[in-house]
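Peer 1: Got a predicted structure here, sequence first:
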Amino acid sequence: MEKAKLIDYTKFKLKPREEIEEIFKRVNRIFIIECLKCYRRFDDNTSEFPRLLDILGEAGRKISGNIGIDFLCNNFLSRKKILSLEFPFDEDIGVISCGLGVQFVAQVLEGKSVYALADSLPQSANSTTEVGFHGISLQEEKCAGCSECYLNLTGGICPLTRCAKGLLNGPCGGAKNGKCEVNPNIDCIWEKIYERFKKQGRRLTLNSVQIRNYSRPSLNLRKNLSVQNQARRGESFYGGLYPPDKKENTANKKIENFPEPEIVTIFLSQHTGKRARPLVKVGERVLRGQKIGEAEGFVSVPVHSSISGKVISLKEEIHPASLKKELALIIENDGENLIDPSAQPFRDFRNLSKDSLLKIIREKGIVGLGGAMFPTAVKLTPPKPVDTLLINGCECEPYLNSDNRVMIEYPEEIFEGVKIVQKILEVEKVFIGVEDNKSEALKILERHKEKIPSIKLLSLKTKYPQGAEKMLIKKVLDREVPPGGLPFDVGVIVLNISTVFAIYQAIVKGLPLIQRVITISGEDLKKSGNYLIKIGTPLREIVTHSFGEKREFFSEYELKMGGPMMGISQTHLDSAVIKGTTGFTILKKSSVKVSEERDCIKCGRCVEVCPMQLYPHYYVFYGKRGEWEKAKDYKVEDCIECGCCEAICSSKIPILSFIKKEKEYARNASKT
Amino acid sequence: MLVMQVKPEEEILSRVWGRRVFIFECFGCREVHFPEEKIETLVEKFKEKVIGKLSCDYLCRREFVQDYINEYCQEIERAEIILIFSCGVGTQVVSSLLEDKIVYTACDTLYLNGFQGLTVQDFNCNQCGECYLNYTGGICPLTNCPKGLLNGPCGGAKNGKCEVNPEADCAWELIYNRLKKQGRLNLLKRVFPPRNYQKIITESLLRKGV
């Protein structure tokens, strides 16, 4: 496909030489703040500063410093940047930006003389009232946002923005040979409108006289919308998205047992850290809950069999999280579910010491069930003192309901689990954060928590990614985890609600982590719901179950382990459920293939939505040039891979794949 | 960034007028209130006439829309009219790609303050091409004063509020206060000639691709 022509919609250009010289006569010292431009093909040539120096010549020595800021009008990020600069008392500020940037800087630095060094470029012909903008594309079409669309009368060609006189009732009569009389280089747009009608076999008739209502849209309406929008954006934390949550499908479905799998594929690596060492041989019989893999080293946990049966092989399968081949034990189900004697309830769990509790948690193979699979026993022995325990029940991913259902159906168990963790960590303060779209869970938890006054239940605004650790800590405790740091750096331990449930089951019921609750949901499914599923259940059974038949799957559908935002796209049906599986989302593949990678048009949407306050477009920029190591300058390690940037990208660039590669580079660089 | 409002129901129904419709719906840069539910109930009223519906984001990206149109060409071919729920840009893109089809928009478009740049703001830029901010303490008289006055207030303000809209502050009073704070009131002595609208028209209409 031919690459589409992109129009450069740069919003400003430097003022004429005389004007700049005049400004510089008036000032003694000046600091230059420059916007690095938006809405243009993203390349290196974004700075106007060298050109300013050219114009100034000798007077350039009055400049005491300069800074280039991407998207200067970004209320939040740019304000932080500007306020972090220190200006001497007698220094003036020069701004190279469109009118928005200038007004913004003047507002932030109210006591300073702020000079505009650039003029904004007109975007629309009809500038007699405020003119709007052009959607988000870099195409020719423009919209004045007049709030009384005339396109229905004119065959889809806008007379307001494209007729020099903005006429609404036909041509002025001054056109010659189809060219405008105001400027002969421009087509007469009314002639174009006429031609389009002719092409469609319609007659261009205007039944009524159109008069523009300049009081629309009212200043108040626009102001209100802007205020609303800003409030919504800034809600809870900077950035983030409001994807349609799609939870209603499975929100009210009770947790059921997933049908018994014929075989289970139990990966020896289901946790962050070293792979477990297999304890059983091929041909050996194992029992449900029997330890079949031993932890190797401190950051590691054992794995257990989720069924009783015979080990039929030890081989490599595609791991659903790393998508690489990893060692797994395949066990054939005998259907009897004989329980291993080690899986016995601890009757005296209330009297157990902190160390023996930790030992049980480790022995029972508990890891973080939110997806990261970090060994919980390690997490609960933080190297720094902590004062707060934060239980994460946000589940901000669309479609998923597993945590939600656990909260609704096992509230008592959860509070019991919280008490155990409280004892281990010796903390008083406990918060449980739940997004406000889970009203039922909130109600039930509220009812049960009355007995324990030290626990605070928080209803949080639904916004993606509220459930990300760092966002949650910021929102609940107003503490900021330092870049590259972990929650314990600010005295917090964050546990997922399902992890707490698993801790309860391990300690009170003596049950190792061999099953968990997951949600299976998505598009076109015959069966969806929340299931108690055995770890190791092959993905093939999930597909068969949800469609009611075996079928050619990957050509039409995408199977994501997790939700649609952060879920990992599966490639192999022999892969299996692991401890970190929160659910499966099955999505129809888009019938339209977006094959061509489009250029970044620097629309800045990714910057707006990045909750970590990063500048994702640079990752694409350097990635496409193969300069992977440069992303480190833009703090690529801080990225939490929430996928907001990719979801919003107006050019459909797979930003995350760039970021993942760049993170790898950054990690390797810091190792050497 | 543009925000859309659905046009009055009667107007849309009279446009459809019993004809076969193909619908484009854009959910691309929806910001505050994208009227999803309203659209649903509206489309319900003539649903037997709808022969296809395409929802996508960024309907303003031509190359992208072309891909979609190719995919749905049969339905589009059969449709008598195309109805678009999108901003003015989206409508213009589709109608320029489907030149021989009757394309109607079902939305009126307005835009948010501050959205020529990146984020929503309290203030706005008129893109006038001759920035006055140097003389007004960084407060734009064109966008903040309903009359767009360049040479001081009109005299109609009461208690610092605008006479056109008593909820809004008089921009010139804000300008005066800011300049006073900075000790730069002498800037107000300058008289500006009338605005040069010619500049706007030709510069904007002649903008070409990169």
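Peer 2: Sure thing, it's come through.

Peer 1: any idea whether whatever residue of chain B ends up closest to chain A is helix, strand or coil?
Peer 2: Closest contact between chain B and chain A, by CB to the nearest CB, is at residue B:138 (2.1 Å). For glycine as for every other residue, the C-beta is placed from the backbone atoms N, C-alpha and C. Here residue B:138 is recorded as coil under DSSP: H, G, I helix; E, B strand; the rest coil.

Peer 1: ok, it - contacts?
Peer 2: By CB atoms under 8 Å, 6 or more residues apart in numbering or on different chains, residue B:138 lies in contact with A:102-103, A:105-107, A:114, A:116, B:178.

Peer 1: Could you dump those into TSV with pLDDT added?
Peer 2: Putting the contacts of residue B:138 into TSV (pLDDT from 0 to 100) gives the following:
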residue	pLDDT
A:102	91
A:103	89
A:105	92
A:106	90
A:107	88
A:114	91
A:116	93
B:178	90
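
Peer 1: Let's see if you can find the most crowded of those.
Peer 2: residue A:102 (33 neighbours; other CB atoms under 10 Å in any protein chain shown).

Peer 1: Pretty sure residue A:389 sits against residue A:420.
Peer 2: No. Residue A:389 lies out of contact with residue A:420 (CB atoms under 8 Å); the separation is 11.0 Å.

Peer 1: from the contacts of residue B:138, which ones fall inside helices?
Peer 2: Counted as lying in helices by DSSP state H, out of those, are A:102-103, A:105-107, B:178.

Peer 1: Residue ranges of each domain in chain A, please.
Peer 2: Per automatic domain parsing, the structural domains of chain A span A:12-120, A:144-234, A:260-342+A:513-588, A:349-508, A:605-671.

Peer 1: what's the closest of the ones you listed to residue B:186?
Peer 2: domain A:12-120 (11.1 Å; CB to CB).

Peer 1: Can you get me the start-to-end distance on the closest one?
Peer 2: Start-to-end span of domain A:12-120 (CA to CA, to the nearest Å) is 4 Å.

Peer 1: Kindly report the same for stretch A:317-324.
Peer 2: Taking CA to CA, the first and last residues of stretch A:317-324 lie 8 Å apart.

Peer 1: Could I get the buried residue list for it?
Peer 2: Buried residues in stretch A:317-324, defined by neighbour count with 16 or more other CB atoms under 10 Å in any protein chain shown: A:317-321.

Peer 1: In contact with the closest residue to chain B within the stretch 251-400 of chain A: list those residues for me.
Peer 2: Using CB to the nearest CB, the single residue of the stretch 251-400 of chain A nearest to chain B is residue A:398, 14.4 Å away. By CB under 8 Å, 6+ apart, the contact set of residue A:398 is A:243-247, A:464, A:563-565, A:585.

Peer 1: what secondary structure does it sit in?
Peer 2: For residue A:398, the reduced secondary structure class is coil; criterion used: three-state DSSP.

Peer 1: And it, how far from residue A:311?
Peer 2: 38 Å (CB to CB, to the nearest Å).

Peer 1: follow-up on the earlier one: quick check: the farthest pair among the contacts of residue A:398?
Peer 2: A:464 and A:585, at 14.1 Å, using CB to CB across the contacts of residue A:398.

Peer 1: Please indicate which of the contacts of residue A:398 are buried?
Peer 2: Buried by 16+ other CB under 10 Å: A:243, A:245-247, A:464, A:563-565, A:585, out of the contacts of residue A:398.

Peer 1: So, low pLDDT: which residues of the chain?
Peer 2: The chain I'm using is chain A. Along chain A, the model assigns pLDDT under 70 to residues A:1-5, A:124-134, A:550, A:594-597, A:672.

Peer 1: should've been chain B
Peer 2: B:1, B:30-35, B:115-118, B:205-210.

Peer 1: Could you rerun that using 80?
Peer 2: B:1-3, B:28-37, B:111-122, B:126-127, B:196-210 (pLDDT under 80).

Peer 1: how's it carved up into domains?
Peer 2: Listed by automatic domain parsing, the domain ranges of chain B are B:2-111, B:133-194.

Peer 1: Pick the most buried one from the ones you listed.
Peer 2: domain B:2-111 (a mean of 19; mean count of other CB atoms under 10 Å in any protein chain shown).

Peer 1: how long is that domain end to end?
Peer 2: End residues of domain B:2-111 are separated by 4 Å (CA to CA).

Peer 1: Residue A:153: how many residues sit nearby?
Peer 2: 18.

Peer 1: Give me the nearest residue to it, chain neighbours excluded.
Peer 2: residue A:206 (6.5 Å; CB to CB, 6 or more residues apart in numbering or on different chains).

Peer 1: Surely that neighbour touches residue A:169?
Peer 2: Yes. Contact status for residue A:206 versus residue A:169: in contact at 6.1 Å, counting by CB under 8 Å.
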